[in-house]
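Asker: Let me see the structure of the following:
(2 chains)
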Amino acid sequence: MDADLLPQEDGEVELKGSSIIAAIKASGVEFILSVPDIVTSGGLLRPISRDPAFKLIRVCKEDECIGIASGLSYCDKRALTLIQHTGFLNSINAIRGVAVEYSQPICMMVGLLAHDPTTTPRNSPRYGVRIIEPILEAMGIPHHLINEEADCTKIRPAIEDAYATSHPLALLIGRRPSAS
Amino acid sequence: MMKRDQCFRALARHVSDEIVVATYSSAVDWLELGERALNYFSVGAMGLDSSHALGLALGRPDRRIICLQGDGSLLMNLGCLVTIAAAGPKNLVHFVVQNGTYEANGSHPIPNAGIEFAAMARAAGYAHVHEFSELANFEQQAGHVLKQDGPVFATLHVERSKPLTYDYANLYDPARRAALKAVLRGIQGRQAS
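Answerer: Prediction:
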């Protein structure tokens, strides 16, 4: 079995990939720019790759997504960068230079690799996860945690606002969305 | 060996409504040839110029995109060759200006000044790949290169230029970005000539 199809760490709380994808579509996102992320692989990237409503661009390294999304934004095309938090950390200078200093609507959906979804990212036992929200706040990037079904209602307004007022956005995926 | 500004003058003779993405030294030399709203200067995160260009190419398939990237810049984003080739935009022409140095950062040498970018682009899967080191040849071929179905890649072998003045405040001016967006909105849907 592929690693992304293994059961969720915490089966008690549900987060459906289909709910997230519906919210992404409702936001007018046409392009998905991605390096695979094990948190979102089965529930988001696989169904997105089969969905003709999206144009999926597979990139080699996460910071490429920031440039591509910026170029698309000049053409009034909406994009979502789908990466894991290690890729976010690897892209900090691109996010700083293009998304923040250019005030570009760069929307990122970031899987919190190895995060324990029963706790908050800030209290995660994983150092790499603990630092994500403080970094986003230091950079002035609005962010939302998507950890359960009810959180999916945050997605569309956040993306709409990012494009309406031209600023970057991070949506943090705290648990593996189901593939349904 | 050619000079970058000579190459750009030769190129400019064939450029009309293409979007030109340039960064650092290439942006300075390209801007010397004149202001145009369809310039996109991607200073701020070195190496991403080719990725910006890919985004523009995907977003406006009706319009040709020319990327003028330095060799140091491409080295910071080599994976883009594979990404661009896989995405396969027919409207993207990707030049790398190879002078073997990080010219904007003190002209220190790149790790391997003789690196063969054209071979890398060919292996990555670009539709057409070129390499120029003689100005007369480039002047003769530039128009043809710009018209080919992409993604097209071309290495321009140039010598180090005289020291440039980098006016980043000007290159980075938000008004430039606003002007580009306004022009692209105004010409939305028009066919490229």
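
Asker: Look up how far A:Ala150 lies from the residue in chain B that chain A sits nearest to.
Answerer: Residue of chain B nearest chain A, by C-beta to the nearest C-beta: B:Gly55 (2.2 Å). Where you see a C-beta, it was placed from the backbone N, CA and C, and this is true even at glycine. Counting by C-beta to C-beta, to the nearest Å, the separation of B:Gly55 from A:Ala150 is 33 Å.

Asker: Please apply the same query to B:Val93.
Answerer: Applying C-beta to C-beta to B:Val93 and A:Ala150 gives a distance of 48 Å.

Asker: neighbouring strands for the helix or strand where B:Val20 lies, and are they parallel or not?
Answerer: Element membership of B:Val20, judged by DSSP states H and E, is strand B:19-22. Strand B:19-22 has the following sheet partners, assigned by DSSP bridges: strand B:39-41 (parallel), strand B:65-70 (parallel).

Asker: hey, which of those strands is tucked in deepest?
Answerer: Each of the strands paired with strand B:19-22 was scored by mean neighbour count; the highest is strand B:65-70, a mean of 29, by mean count of other C-beta atoms under 10 Å in any protein chain shown.

Asker: quick one: average pLDDT of it?
Answerer: What strand B:65-70 shows for mean pLDDT is 97.

Asker: Which strands or helices does the following helix or strand past that strand pack on?
Answerer: Proceeding N to C from strand B:65-70, the next assigned helix or strand is helix B:71-75, under DSSP H and E. With contacts taken as 3 or more C-beta pairs under 8 Å, 6 or more residues apart in numbering or on different chains; DSSP states H and E, helix B:71-75 sits against helix B:49-59, strand B:92-98, strand B:101-102.

Asker: Deepest-packed of these, please.
Answerer: Ranked by mean neighbours (mean count of other C-beta under 10 Å), these are led by helix B:49-59, with a mean of 30.

Asker: continuing past the helix or strand bottoming out on mean pLDDT in chain B, what's the next helix or strand?
Answerer: Sorted by mean pLDDT, DSSP states H and E, the helices and strands of chain B end with helix B:168-171, the least confident at a mean of 82. Next along the chain after helix B:168-171, taking DSSP H and E as the criterion, comes helix B:174-186.

Asker: Return the distance of that next one from the chain's centre.
Answerer: Here the centre of helix B:174-186 is set off from its chain's centre by 19 Å, with C-alpha atoms, centre = their mean, to the nearest Å.

Asker: tell me which residues of that helix are tucked away?
Answerer: Neighbour-count burial for helix B:174-186 flags B:Arg176, B:Arg177, B:Ala179, B:Leu180, B:Lys181, B:Val183, B:Leu184 (criterion: 16 or more other C-beta atoms under 10 Å in any protein chain shown).

Asker: In three-state terms, how would the nearest residue to the second one once chain neighbours are set aside be classified?
Answerer: Read it as B:Arg177. On the basis of C-beta to C-beta, 6 or more residues apart in numbering or on different chains, the spatially nearest residue to B:Arg177 that is not a chain neighbour turns out to be A:Tyr102, at 6.8 Å. Per DSSP: H, G, I helix; E, B strand; the rest coil, the secondary structure class of A:Tyr102 is coil.

Asker: and stretch B:178-193, what's its mean pLDDT?
Answerer: For stretch B:178-193, the mean pLDDT works out to 69.

Asker: hmm, I was thinking of stretch B:76-94
Answerer: So the average pLDDT for stretch B:76-94 ends up being 98.

Asker: Is that stretch positioned near chain A?
Answerer: Yes - residues of stretch B:76-94 contacting chain A under C-beta under 8 Å from any C-beta of the partner chain: B:Asn77, B:Gly79, B:Cys80, B:Val82, B:Thr83, B:Ala86, B:Ala87.

Asker: Could you list the alpha-carbon positions for that stretch in PDB?
Answerer: What follows is stretch B:76-94, C-alpha atoms only, in PDB (Å, rounded to 0.1, in the frame of the first residue of the first chain):
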ATOM      1  CA  MET B  76      19.900  28.500  -8.200                       C
ATOM      2  CA  ASN B  77      16.900  27.000  -9.800                       C
ATOM      3  CA  LEU B  78      18.100  24.200 -12.100                       C
ATOM      4  CA  GLY B  79      15.000  22.100 -11.300                       C
ATOM      5  CA  CYS B  80      13.000  24.700 -13.300                       C
ATOM      6  CA  LEU B  81      14.400  23.200 -16.500                       C
ATOM      7  CA  VAL B  82      12.600  19.900 -15.700                       C
ATOM      8  CA  THR B  83       9.400  21.700 -14.500                       C
ATOM      9  CA  ILE B  84       9.300  23.900 -17.600                       C
ATOM     10  CA  ALA B  85       9.900  21.000 -20.000                       C
ATOM     11  CA  ALA B  86       7.200  18.900 -18.300                       C
ATOM     12  CA  ALA B  87       4.700  21.800 -18.400                       C
ATOM     13  CA  GLY B  88       5.600  22.300 -22.000                       C
ATOM     14  CA  PRO B  89       4.500  25.900 -22.700                       C
ATOM     15  CA  LYS B  90       4.700  26.500 -26.400                       C
ATOM     16  CA  ASN B  91       4.900  30.300 -25.800                       C
ATOM     17  CA  LEU B  92       8.000  30.300 -23.600                       C
ATOM     18  CA  VAL B  93      11.500  31.200 -24.900                       C
ATOM     19  CA  HIS B  94      14.100  30.900 -22.100                       C
END
